[in-house]
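Asker: My questions are about this predicted structure, shown below with the sequence.
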Amino acid sequence: QVQLVESGGGLVQPGGSLRLSCAASGNIFFINDMAWYRQAPGKQRELVATIPRGGSTNYADSVQGRFTASRDNAKNTVELQMNSLKPEDTAVYYCHANIMAFGDLNKDYWGQGTQVTVSS
């Protein structure tokens, strides 16, 4: 069984930094694209960054230049370094991955979410 587990959320002051991590585990054969999403209260879930297995990472305009996403294919992990945080970055952040498990088709998996709160 495949699962994604996130860590690293918390409370930070405006202008501060946080680093989120997400680890995929289980009967994994291959991981395609990975991504970070976020959902603020009363809003739809939005894409923050996509991290393809090969190629360039893409960011939402709202986080471009402040957030940096990276992945380690050997460890099946993805991280999100968030700098210059703003109150509007407050949301639950979710890790997403398209994964092929042994003996299965490609499926989309989500982490449980981790709360990021930016407030003074």
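Answerer: Good, I have the coordinates.
Asker: Please report the number of neighbouring residues for the nearest residue to residue 108 once chain neighbours are set aside.
Answerer: Distance criterion Cβ to Cβ, 6 or more residues apart in numbering; nearest residue to residue 108, sequence neighbours excluded, is residue 98 at 5.6 Å. C-beta here means a position set from N, CA and C on the backbone, and glycine is covered the same way. By other Cβ atoms under 10 Å, the residues close to residue 98 number 15.
Asker: swap in residue 46?
Answerer: With other Cβ under 10 Å as criterion, residue 46 counts 13.
Asker: From residue 8, how far off is it?
Answerer: In this view, residue 46 and residue 8 are 19 Å apart by Cβ to Cβ, to the nearest Å.
Asker: Would you state the strands of the protein in chain order?
Answerer: 3-7, 10-12, 18-25, 28-39, 46-51, 58-59, 67-72, 77-82, 91-101, 106-110, 114-118 (DSSP state E).
Asker: give the contact list for the residue lying closest to residue 23 once chain neighbours are set aside.
Answerer: Of all residues beyond its chain neighbours, the one nearest residue 23 is residue 77 (4.9 Å), with distances taken as Cβ to Cβ, 6+ apart. Residue 77 makes contact with 21-24, 71, according to Cβ atoms under 8 Å, 6 or more residues apart in numbering.
Asker: still on that earlier bit, pretty sure the residue nearest to residue 108 sits against residue 107.
Answerer: Yes - using Cβ atoms under 8 Å, residue 98 is in contact with residue 107, at 7.3 Å.
Asker: tell me the centre residue of the chain?
Answerer: residue 36 (2.9 Å; Cα atoms, centre = their mean).
Asker: hang on, that residue packs against residue 91?
Answerer: No - assessed by Cβ under 8 Å, residue 36 is found out of contact with residue 91, at 10.5 Å.
Asker: what's near enough to touch the residue nearest to residue 108?
Answerer: Per Cβ under 8 Å, 6+ apart, neighbours of residue 98: 31-34, 106-109.
Asker: do that again at 10 Å, thanks
Answerer: 30-35, 53, 106-109 (Cβ atoms under 10 Å, 6 or more residues apart in numbering).
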